[in-house]
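Novice: next come a sequence and a model predicted from it.
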Amino acid sequence: MSLGPAAAERRLLLFSVWASAAFAVISSVWGIVSGSSMIVFDGLYSFVSIGLSGLAVLTLRFVGRGPDERFPWGREAAEPVVVVLKAATLGALCVYAGIGGIADLLKGGREVKVGWAIVYAVIATAASLIVALVLKRGTRPESPAGPGRDLVRAEAAEWLGDALLSVGVLVGFLFAWLLTSRGEAHLAGYVDPAMVVLVSAAFLVVPLRLVIGGMREVLSMSPPEDVQLQLREVVEDVQSRYGLQESVVRAAKVGSRMDIEVDYVVGPDSSVVTVTDCDAVRSELYERLSALGYEKSVVVAFTNDRRWAD
């Protein structure tokens, strides 16, 4: 039996929660055994992810309750708020880890059991990529869109970032192993804290990108450029079909919902004359906008006076 979009996305989020829990336990134990602050940081990151992924699941359930008297336009605005919260928390964690790494460098480095650390980095890289690919597969453009698609995409970006982090860790520990094998163990001790500093700084890119995207939706800014182009193409196609003189489009993406306002200037040569004609335009426009893959709130207005369209 096939699952609806919301149920499928909820299962993907729960999968991410359980994967984070497994990583949190394994990373923490492995980091303590190997003496690596880098691996401990990875474990701490996973522990934080558990709580944030759980919050995403609760948000999906909240959004799924739909509009009511308190939320007449729906609850999709909760999605970008949670994405921003997740990203800000992970960003703060990266800053904290970076400061800790700098402190270790100033203390003369940290001794690490390099062999154990390399094995961990290989396993973590492979596992993170698998989880990221599973999540991304569930949010492909051809997949039905549900109310939690952006939350799942944020989870996928988070896991992909973790995979890139693990690759950096692997390269660093291989370098530390090379230094140790050449009798430069005192220099190898600087590799682990240096990696924490570099990786935490580089990893800030992912939360920053999520914060920017989430804030665009919180502030009801325009959707991505490719979505705007598709929207404009549909509106102008309908405009041409009914001989309408001009159209003005306003749109904002809020979570999985697209708020769209289209104002048509009718003009003297249009076939749109009666209210029934107006409804025919609305019906066709609404159906064609379904291809965008979002829940829609669409308002279509008609006027003969251009100033009312501005």
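Specialist: Okay, I see it.
Novice: burial of the nearest residue to V17 once chain neighbours are set aside, as a residue count?
Specialist: If the residues on either side of it in the chain are set aside, V17 comes closest to S53, at 4.3 Å by Cβ to Cβ, 6 or more residues apart in numbering. Yep, even glycine has a C-beta here, placed from its N, CA and C like the rest. As a burial measure, S53 scores 24 neighbours (other Cβ atoms under 10 Å).
Novice: from G109, how far off is S53?
Specialist: Look at S53 and G109: by Cβ to Cβ, to the nearest Å, they are 34 Å apart.
Novice: ok, Q239 - contacts?
Specialist: Applying Cβ atoms under 8 Å, 6 or more residues apart in numbering to Q239 gives the contacts 246-247, 264.
Novice: would you format the residues you listed as TSV with neighbour count and pLDDT included?
Specialist: Output for the contacts of Q239, formatted as TSV (neighbours: other Cβ atoms under 10 Å; pLDDT from 0 to 100):
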residue	neighbour count	pLDDT
E246	14	91
S247	18	91
Y264	26	93
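Novice: E261 belongs to a strand, doesn't it?
Specialist: Yes. The assignment for E261, made by DSSP: H, G, I helix; E, B strand; the rest coil, places it in a strand.
Novice: just to revisit the earlier point, quick check: the residue nearest to V17 is in a helix.
Specialist: Yes. Assessed with three-state DSSP, S53 lies in a helix.
Novice: residues contacting it?
Specialist: Taking Cβ under 8 Å, 6+ apart as the test, what S53 contacts is 13, 16-17, 20, 155.
Novice: return the subset of those residues lying in helices.
Specialist: Members of the contacts of S53 lying in helices (criterion: DSSP state H): 13, 16-17, 20, 155.
Novice: quick check: the two most widely separated of those residues?
Specialist: For the ones in helices among the contacts of S53, the farthest-apart pair by Cβ to Cβ is L13 and S20; their separation is 10.5 Å.
Novice: in the lowest-mean-pLDDT helix or strand in the chain, what's buried?
Specialist: Across the helices and strands of the chain, mean confidence by mean pLDDT, DSSP states H and E is lowest for helix 37-64: a mean of 78. Using 16 or more other Cβ atoms under 10 Å as the test for burial, helix 37-64 gives 37-50, 52-57, 59-60, 63.
Novice: neighbour-wise, which of the ones in helices among the contacts of S53 leads?
Specialist: Highest count within these by other Cβ under 10 Å belongs to E155, 31 neighbours.
Novice: what's that one in contact with, if anything?
Specialist: By Cβ under 8 Å, 6+ apart, the neighbours of E155 are 12-13, 16, 53, 56, 135.
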